[in-house]
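S.K.: Here is a sequence together with a model predicted from it:
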Amino acid sequence: MKIITVLQQKGGVGKTTTTVHLAAALACQHPHLRVAVADADPQGSATIWIKRGNGGTGVAVHTVAADGDGRNLRAELEAIDADVIIIDLPPALEAISLRAAIRADLLLVPTGPSVVDLSATKGAVSICKEALEYNPTKKYLLVPNRVQHNTAAGRELRGALAAWGPVSEATLTLRVAFAESAAVGLGVSQYAPESPAAQEIGLLAEEVSRILEI
């Protein structure tokens, strides 16, 4: 079993969007693998999204950490029958974030181009580095997300993130297809497989697959 944890300190940076679209892309690229989302966010956005599609994503979803702390997270993850699990966390760096980071083989930190987003990323990177102290074989990636290439902030984001750690090859831009596919309960890989949005999330899925050797 391979575990990916998606974390950030604030909401609105695309944690759930990244989680579900990445899970769907991995399911498309590796049909022999069982892919699941472990929804640790009390809002349950990933659960609502995936269940809306009635299995169209090819991804299972399970609620975890209902206690808010993740004290039973290890057992909850071990009970999920999947080859790849992506944990979607709430928008706060509390005990659950560190526990999920420690359990992960790979940590993803989606980050938008705003000053507030960048500020929040510092805390998430600290969690990543703390998790690496427990197990130096873990890896983490900063993922430029919700980027508008025609803005100075968007163009400069990758350089700013590189100062804090490894940056994903993929950049996820602000595209309508990401939102439209969520509205019908699908990943963009199923909803619009030939779209630029699907190509972007597909590139991230390929990079994640290489890192996890799946």
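M.R.: Nice, I can see it. Numbers count the residues shown, from 1 in each chain.

S.K.: Can you give the contact residues for whichever helix or strand Glu206 is part of?
M.R.: In this assignment (DSSP states H and E), Glu206 forms part of helix 196-212. Contact with helix 196-212 is made by 2, 4, 18, 21-22, 24-26, 28-30, 84, 105-106, 108, 139, 141, 143, 168-173, 175, 177-178, 181, 187-189, 192, as judged by Cβ atoms under 8 Å, 6 or more residues apart in numbering. Every residue, glycine included, has its C-beta placed from N, CA and C.

S.K.: Grab the longest helix from the protein for me.
M.R.: helix 115-134 (DSSP state H).

S.K.: hmm, who's touching it?
M.R.: 7-10, 13, 93, 97-98, 101-102, 104, 107, 109, 111, 138, 140, 142, 160-161, 164-165.

S.K.: before we move on, what about stretch 142-161?
M.R.: Residues beyond stretch 142-161 that count as contacts (Cβ under 8 Å, 6+ apart) turn out to be 13-14, 17-18, 108-114, 118, 121, 125, 164-168, 170-174, 204.

S.K.: what pLDDT does Ala66 get?
M.R.: Note on Ala66: pLDDT of 89.

S.K.: ugh, wrong one, I meant Gly123
M.R.: In this prediction Gly123 is given a pLDDT of 87.

S.K.: what about it, neighbour count?
M.R.: 17 (other Cβ atoms under 10 Å).

S.K.: Dihedrals phi and psi, Asp69?
M.R.: Backbone torsions of Asp69, given as degrees, to the nearest 10, read phi -110, psi -20.

S.K.: Just give me the neighbour total for it.
M.R.: 12.

S.K.: correct me, but it touches Ile96?
M.R.: Yes: if you go by Cβ atoms under 8 Å, Asp69 and Ile96 touch, sitting 5.9 Å apart.

S.K.: Alright, I will stop here.
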